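Student: With the input below, show me the fold.
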Amino acid sequence: MALVNFADLDFDQIKGSIKDYLRANSDFTDYDFEGSNLSTIIDVLAYNTYITSYNTNMVTNEVFIDSATLRENVVSLARNVGYVPRSRKSARSKISFSVDTSGYTNAPSSLILKAGTVCTTSTFGDQSYSFSIPSDITTPVINNIAKFEDIIVYEGAQISQTFTVDAFNPNQRFILDNAGIDTSLIKVNVRSNASASATTTYTLADSLFDLNDKSMVFFIQEVEDERYELIFGDGIFGRKLQEPEFITASYTVSNGKEANNLNSFKFSGSLMDDNDRIVTSGISLITVIESSHSGAPIETIESIKKYGTRIYASRDRAVTSSDYEALIPSIYPETESVAAYGGESLNPPQFGKVFISIKPYNDRYLSNLIKDNIRRKLQKYSVAGIIPQVVDLKYLYVETNSNVYYNPNLAPSANTVKTAVSSNVTTYADSTELNKFGARFKYSQFLNIIDESHQSITSNITTVVMRRDLRAVVNTFADYEICYGNRFHISDHSGYNIKSSGFTVSGISGTVYLMDIPNDDCNKTGILNLFKLDSPTQPQIIRRNVGNIDYIKGEILLNPINIISTSINKGIPLIEIEAVPYSNDIIGLQDLYLQLDTSKAIINMWPDEIASGAEISGTTHQVSSSYSNGVFVR
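Tutor: Predicted structure coming up:
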């Protein structure tokens with residue numbers, strides 16, 4: 001009898017197969033006696049087979065990018081399709097300071113801020129961070145004052161590494177020794193030999209386009225332990241190095257996002273004047289123009305799997321919206337999330353256009369300059385006739401109001417339980433379930449997160465609203481379109497299904513608010529009105545038909561209106577407009593970036609008297625509404 005084939009990696013199943021084989025062989029009789037030597041041998045054979053099968057399965061998984069789990073293997077497989085994972089990004093800050101040179105007998109005409117460390121932070125979370133510049137900065141001395149203004153400094157240690165080209169080593173590799181490198185800050189210089197003074201600067205190339213045998217370029221690829229290897233041309237694509245040329249590679253090893261949001265620095269750089277004298281006095285305090293930002297970790301395994309194959313599929317050309325989504329992170333490395341969609345999906349459609357919305361790391365919006373740069377870089381990938389447009393992302397906020405019931409017998413205090421709930425809600429709000437395009441707020445999962453926050457919690461009643469912030473153009477007639485991407489729930493057919501914060505408009509004195517009234521079309525559309533509050537429970541409509549609302553599409557359209565001021569101002573005048581979703585599972589459609597606004601989350605603690613035994617009959621049990629409150633405004 002032959003051993004049966006098995007697909008499971010279960011130890012007992014393997015052991016049973018061996019016993020079945022021996023059972024058919026009359027020469028062995030004590031195979032099923034646990035105390036026998038043969039039984040021990042069977043255990044060893046089964047265990048060895050189990051381990052071998054497990055290892056074989058794991059090795060097989062690591063061969064394919066979809067199933068690989070080790071970073072080195074995922075990176076290696078992505079390299080096969082020409083994808084270089086994004087490196088760690090150094091946090092950057094903008095600073096200014098000045099130097100008073102009036103104390104010098106021979107006043108210099110200029111000062112040089114040497115490359116390397118410029119400033120350091122005070123101890124922050126038991127760690128001090130240093131910020132540096134990759135190259136020297138020279139500034140003139142005017143009226144005995146040298147001003148170093150708007151200097152961009154990068155977090156991390158500046159490290160220099162050298163190599164000598166060896167023609168007798170055909171397998172020579174130029175591997176940078178440190179992990180955590182920001183590849184965008186790598187500087188490579190080449191000299192004819194170690195003692196030569198003339199240097200040639202090589203630039204990082206990301207494709208083979210426009211390269212010839214004289215192009216002074218280098219390439220990079222990630223190797224083991226999150227380190228990087230420099231690769232030079234072969235004489236066809238890029239100049240080939242010759243012996244005994246001497247390579248100097250300077251790079252920054254950073255702490256990534258850990259160094260974000262720092263705004264207190266002290267000078268620790270090196271200054272020299274044009275007479276080669278070291279300057280140590282007259283240096284002012286550092287003024288921070290921009291707090292440190294844009295620090296980011298190395299690209300995750302999940303992201304490599306997602307974008308590596310899509311970059312290969314796009315083959316350096318942008319035709320579909322997926323091509324644009326794959327190309328944007330390589331064009332703009334500070335991309336946290338990106339969404340692209342064709343204009344044909346809009347209403348009315350805009351054919352021949354693709355709209356791109358980008359969420360950068362540690363920031364809310366892209367500047368106009370960055371958007372213009374991205375559009376310009378996309379031109380070499382875009383197919384003729386397709387116009388890419390980078391648009392500001394739109395935030396769709398989810399607000400929750402939770403009434404949490406708990407058993408007082410199992411909780412030290414209500415505040416203890418509330419703190420646990422708040423912590424878990426914050427963790428969920430910061431997770432990758434949200435905070436991205438195409439995200440979905442999962443209502444049942446959110447309820448379970450609350451229920452599992454503490455052993456004393458017996459249930460929770462949570463209501464959900466979604467909010468968009470209208471950025472008002474004050475003192476100007478303008479029309480507005482606010483899209484939620486989710487159907488609205490109509491809780492009252494007489495109106496007031498949407499709620500807004502207050503604002504003032506020309507021609508009407510006092511603060512007004514928005515409200516809606518459904519039309520007679522089976523609750524598909526409605527009109528918008530302005531109203532005032534004579535009292536918290538007495539609204540008065542002031543102006544009718546100032547816009548339209550589409551309950552099915554989740555769209556609000558405001559006719560041209562002159563907004564004078566708003567009750568909410570966060571650097572820009574805002575009108576908060578909320579609506580109850582038709583489904584508590586809320587999605588971020590197209591360019592809507594979904595966020596759970598924890599600053600607006602309400603958590604109320606209710607003692608469960610039935611669960612605690614204080615009132616078994618439930619006569620005095622307090623109930624909370626499963627529906628939104630009945631107030632008229634935010």
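
Student: Start and end of stretch 505-519, how far apart?
Tutor: In stretch 505-519, first residue to last residue: 25 Å (CA to CA, to the nearest Å).

Student: per-residue confidence at the closest residue to residue 596 other than its chain neighbours?
Tutor: With CB to CB, 6 or more residues apart in numbering as the criterion, residue 596 has its nearest non-adjacent residue at 3.9 Å, and that residue is residue 429. C-betas here are computed from N, CA, C, even on glycine. At residue 429, the pLDDT value in this model is 89.

Student: and the longest strand for this structure?
Tutor: The residue-count maximum for a strand in the chain (DSSP state E) belongs to strand 457-471.

Student: lowest average confidence, helix or strand, in the chain?
Tutor: The helix or strand with the lowest mean pLDDT-type score in the chain, counting by mean pLDDT, DSSP states H and E, is helix 11-23 (a mean of 73).

Student: Please compute how far it lies from its chain's middle.
Tutor: A distance of 51 Å separates the C-alpha centroid of helix 11-23 from that of its chain, computed with CA atoms, centre = their mean, to the nearest Å.

Student: Also stretch 392-400?
Tutor: If you compare the mean C-alpha spot of stretch 392-400 with that of the full chain, they lie 15 Å apart, counting by CA atoms, centre = their mean.

Student: Give the buried residues for that stretch.
Tutor: Residues of stretch 392-400 classed as buried under the neighbour-count rule (16 or more other CB atoms under 10 Å) are 393, 394, 395, 396, 397, 398, 399, 400.

Student: And the residue nearest the centre of the protein?
Tutor: With distances taken as CA atoms, centre = their mean, residue 336 lies nearest the centre of the chain, 3.3 Å away.

Student: Please list all residues in contact with it.
Tutor: Residue 336 makes contact with 296, 359, 360, 361, 435, 436, according to CB atoms under 8 Å, 6 or more residues apart in numbering.

Student: any chance of the residues you listed in a markdown table, plus distance to residue 68 and secondary structure?
Tutor: Supplementary listing: the contacts of residue 336 in a markdown table, determined by distance: CB to CB, whole Å; DSSP: H, G, I helix; E, B strand; the rest coil:
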| residue | distance to residue 68 | secondary structure |
| --- | --- | --- |
| 296 | 23 | strand |
| 359 | 27 | strand |
| 360 | 29 | strand |
| 361 | 26 | coil |
| 435 | 26 | coil |
| 436 | 23 | coil |
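
Student: can you give me the helices for the stretch 1-150 of the chain?
Tutor: 11-23, 37-62, 71-79 (DSSP state H, counting those that start in this stretch).

Student: Please apply the same query to the chain.
Tutor: For the chain, helices defined by DSSP state H occupy the ranges 11-23, 37-62, 71-79, 301-314, 321-331, 368-378, 414-429, 443-451, 609-612.

Student: highest average neighbour count across those?
Tutor: helix 321-331 (a mean of 21; mean count of other CB atoms under 10 Å).

Student: Report the mean confidence score over that helix.
Tutor: 81.

Student: Check which helices and strands that helix is in contact with.
Tutor: Secondary structure elements in contact with helix 321-331, counted by 3 or more CB pairs under 8 Å, 6 or more residues apart in numbering; DSSP states H and E, are helix 301-314, strand 335-342, strand 353-360, helix 368-378.

Student: which stretch among those comes nearest residue 501?
Tutor: Distances from residue 501 to each of the helices and strands packed on helix 321-331 were compared by CB to CB, and the smallest falls on strand 353-360, at 24.5 Å.

Student: For that closest one, output the C-alpha coordinates as PDB.
Tutor: As requested, C-alpha coordinates have been extracted for strand 353-360 and formatted as PDB (Å, rounded to 0.1, in the frame of the first residue of the first chain):
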ATOM      1  CA  LYS A 353      -9.900  65.100 -18.700                       C
ATOM      2  CA  VAL A 354      -8.700  63.100 -15.700                       C
ATOM      3  CA  PHE A 355      -9.000  64.600 -12.300                       C
ATOM      4  CA  ILE A 356      -6.400  63.800  -9.600                       C
ATOM      5  CA  SER A 357      -6.700  64.500  -5.900                       C
ATOM      6  CA  ILE A 358      -3.700  64.000  -3.600                       C
ATOM      7  CA  LYS A 359      -3.400  63.800   0.200                       C
ATOM      8  CA  PRO A 360       0.200  64.700   1.200                       C
END
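
Student: Now do that strand: which elements does it pack against?
Tutor: Other elements packing on strand 353-360 under the criterion 3+ CB pairs under 8 Å, 6+ apart are helix 321-331, strand 335-342, strand 387-391.

Student: Next, format the ones you listed as CSV and append distance to residue 72.
Tutor: Below are the helices and strands packed on strand 353-360 laid out as CSV (distance: least, CB to CB, whole Å):
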stretch, distance to residue 72
helix 321-331, 21
strand 335-342, 24
strand 387-391, 35
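
Student: Number of residues surrounding residue 498?
Tutor: Residue crowding around residue 498 was assessed by other CB atoms under 10 Å; the count is 23.

Student: now it: how far from residue 132?
Tutor: 51 Å (CB to CB, to the nearest Å).

Student: One more: residue 318?
Tutor: For residue 318, the distance to residue 132 under the criterion CB to CB works out to 36 Å.

Student: repeat for residue 93
Tutor: 11 Å.

Student: which residues are in contact with both of the two?
Tutor: Taking CB under 8 Å, 6+ apart as the contact rule, residue 93 and residue 132 both touch 153, 155.

Student: one step back: with residue 152 as the reference, measure out to the residue nearest to the centre of the chain.
Tutor: 20 Å.

Student: Over to residue 45?
Tutor: 65 Å.

Student: got it, and residue 342?
Tutor: Counting by CB to CB, the separation of residue 342 from residue 152 is 36 Å.

Student: Neighbour count for those two, which is higher?
Tutor: residue 342 (17 against 14).

Student: Number of residues surrounding the closest residue to residue 439 other than its chain neighbours?
Tutor: Sequence neighbours aside, residue 594 is the residue nearest to residue 439 in space, at 4.1 Å (criterion: CB to CB, 6+ apart). The burial metric for residue 594, expressed as a neighbour count using other CB under 10 Å, is 24.

Student: Who is residue 594 paired with across the strands?
Tutor: Beta bridges link residue 594 to residue 396, judged by DSSP bridges.

Student: List the contacts of it.
Tutor: Residue 594 touches 396, 398, 434, 435, 436, 439, 440, 441, 586, 587, 588, counting by CB under 8 Å, 6+ apart.

Student: For the stretch 51-200 of the chain, which segments are assigned as strands?
Tutor: Chain-ordered strands for the stretch 51-200 of the chain, with DSSP state E, counting those that start in this stretch as the definition, fall at 92-100, 110-113, 116-121, 130-133, 137-142, 145-155, 157-164, 174-175, 187-191, 200-204.

Student: by contact count, what packs against the first one?
Tutor: For strand 92-100, the contact count by 3+ CB pairs under 8 Å, 6+ apart identifies strand 145-155, strand 265-267, strand 287-293 as packing neighbours.

Student: now do the longest one
Tutor: The helices and strands touching strand 145-155, judged by 3+ CB pairs under 8 Å, 6+ apart, are strand 92-100, strand 110-113, strand 116-121, strand 130-133, strand 137-142.

Student: How about the contacts made by residue 233?
Tutor: With contact taken as CB under 8 Å, 6+ apart, residue 233 is in contact with 211, 213, 215, 217, 218, 239, 240, 241.

Student: Just the ones of those residues in strands?
Tutor: Judged by DSSP E, strands contain the following of the contacts of residue 233: 217, 218.

Student: Since ChimeraX is what I'm using, could you give me a select command covering the contacts of residue 233, but only where they're buried?
Tutor: Paste this into ChimeraX to select the buried members of those, with burial taken from 16+ other CB under 10 Å:
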select :215,217,218,239,241
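
Student: Can you pull out the residues in contact with stretch 561-572?
Tutor: Applying CB under 8 Å, 6+ apart, the external contacts of stretch 561-572 come out as 471-480, 501-507, 511, 546, 573-576.
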